[in-house]
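Engineer: based on what follows, work out the 3D shape:
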Amino acid sequence: MSWIFLIAAGLLEIVWAYTMKLSYGFTRGVPSAITIVAMLASFVLLSISMRTLPLGTAYTIWTGIGALGAFATGIIPFSEPMTLIRVLAAALIVCGLCLMKLSA
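Structural biologist: The predicted structure is shown next:
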């Protein structure tokens, strides 16, 4: 169950990163509110997963999911450049996440 909570927390991290961008520096109400709620929910789920998962594993997986999701979100809806170096960096994050999962 801890892994499910951790994955949900990571997905919520993607949500709040996306809606934070849409909030334009917290000047737009609805995206700002979604950002805050998603942040709180993400932190709560992360903390629940840390009851049984090691700190280093849980935090690394959580930030990795968020980083990869933010990378994809930047490319897809915001048309950020998808360069070879950025893709390689994302692939290295995936490798790190896989190794962290194996170590747990």
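
Engineer: hey, let's count contacts and neighbours off CA atoms from now on
Structural biologist: Fine.

Engineer: what's the pLDDT at Leu92?
Structural biologist: At Leu92, the model reports a pLDDT of 93.

Engineer: I misspoke; the intended subject was Ala104.
Structural biologist: 66.

Engineer: can you pull out the helices in the chain?
Structural biologist: Assigned by DSSP state H, the helices in the chain fall at 2-22, 29-49, 55-75, 84-103.

Engineer: TSV for those, including mean neighbour count?
Structural biologist: Below are these laid out as TSV (neighbours: other Cα atoms under 10 Å):
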stretch	mean neighbour count
helix 2-22	21
helix 29-49	18
helix 55-75	19
helix 84-103	13
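
Engineer: how much space separates Arg74 from Leu40?
Structural biologist: Slight slip there: residue 74 is Gly, not Arg. 22 Å (Cα to Cα, to the nearest Å).

Engineer: least confident secondary structure element in the protein?
Structural biologist: helix 84-103 (a mean of 89; mean pLDDT, DSSP states H and E).

Engineer: starting at the chain centroid, how far to that helix?
Structural biologist: 14 Å (Cα atoms, centre = their mean, to the nearest Å).

Engineer: cool, and stretch 27-42?
Structural biologist: That offset, for stretch 27-42, works out to 15 Å (Cα atoms, centre = their mean).
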